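Chemist: when you get a sec, could you give me coordinates for this:
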Amino acid sequence: QGRLVESGGGLVQAGGSLRLSCAASGRTVSTYAMGWFRQAPGKEREFVAAISWSSGITNYEDSVKGRFTISRDNAKNTVYLQMNSLEPDDTAIYYCAAAPNILRVRTTPNYWGQGTQVTVSS
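Modeler: Numbers count the residues shown, from 1 in each chain. Alright, predicted model coming up:
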């Protein structure tokens, strides 16, 4: 079993930065690949970024490449999403996800967090 709890969302002006955190609990989840998704109002949930357990592999959605950085601290069972140069189109609820490998994180995660709201004002 596993549990994911996101934090760090909030309101920021365009061009600003936020860092999201996702704390994972449960023995299984501690060895999983992790990822971030987002869902804007009226839109489907979409993939944002993912990272393997060893941090050796990272994937990003094209629109966030160069602006967002995913990282993890396995000693703290925590994954981070550093978001820079934020744009109003980044406004969404951001969800943390976990799965046995990075491909599964992108397609069919085993676990989801409850989400944290990010709002970027213009």
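Chemist: make it CA atoms for all contacts and neighbour counts henceforth
Modeler: OK.
Chemist: spatially central residue in the chain, please.
Modeler: Centrality entry for the chain: nearest residue to the mean C-alpha point is residue 36, 2.4 Å, by CA atoms, centre = their mean.
Chemist: who's in contact with the closest residue to that one other than its chain neighbours?
Modeler: Leaving aside its chain neighbours, residue 36 sits nearest to residue 96 (4.7 Å; criterion: CA to CA, 6 or more residues apart in numbering). Residue 96 makes contacts with 4-6, 22, 34-37, 112-115, as judged by CA atoms under 8 Å, 6 or more residues apart in numbering.
Chemist: surely residue 110 and residue 98 touch.
Modeler: Yes - in this structure residue 110 lies within contact range of residue 98 using CA atoms under 8 Å: 5.9 Å.
Chemist: which one of these two has more residues nearby?
Modeler: residue 98 (31 against 15; other CA atoms under 10 Å).
Chemist: without its sequence neighbours, what residue ends up closest to the more buried one?
Modeler: Going by CA to CA, 6+ apart, residue 98 has residue 34 as its nearest residue, at 4.5 Å.
Chemist: pLDDT at the one you found, what is it?
Modeler: Per-residue pLDDT puts residue 34 at 96.
Chemist: do the one 10 residues further on as well
Modeler: Confidence per residue is given as pLDDT, and for residue 44 that number is 97.
Chemist: is it fair to say it lies in a helix?
Modeler: No - looking at residue 44 with DSSP: H, G, I helix; E, B strand; the rest coil, it is coil, so not inside a helix.
Chemist: and for it, the neighbour number?
Modeler: Quick note: residue 44 (other CA under 10 Å) scores 9 neighbours.
Chemist: check residue 82 too.
Modeler: By other CA under 10 Å, the residues close to residue 82 number 14.
Chemist: which strand or helix spans the residue lying closest to it once chain neighbours are set aside?
Modeler: Leaving aside its chain neighbours, residue 82 sits nearest to residue 19 (4.4 Å; criterion: CA to CA, 6+ apart). Using DSSP states H and E, the element containing residue 19 is strand 18-25.
Chemist: check which helices and strands the very next helix or strand once past that strand is in contact with.
Modeler: Where DSSP H and E defines the elements, the next helix or strand beyond strand 18-25 is strand 33-39. Counting contacts by 3 or more CA pairs under 8 Å, 6 or more residues apart in numbering; DSSP states H and E, strand 33-39 packs against strand 46-51, strand 92-99, helix 102-107.
Chemist: I am finished for the moment; much appreciated.
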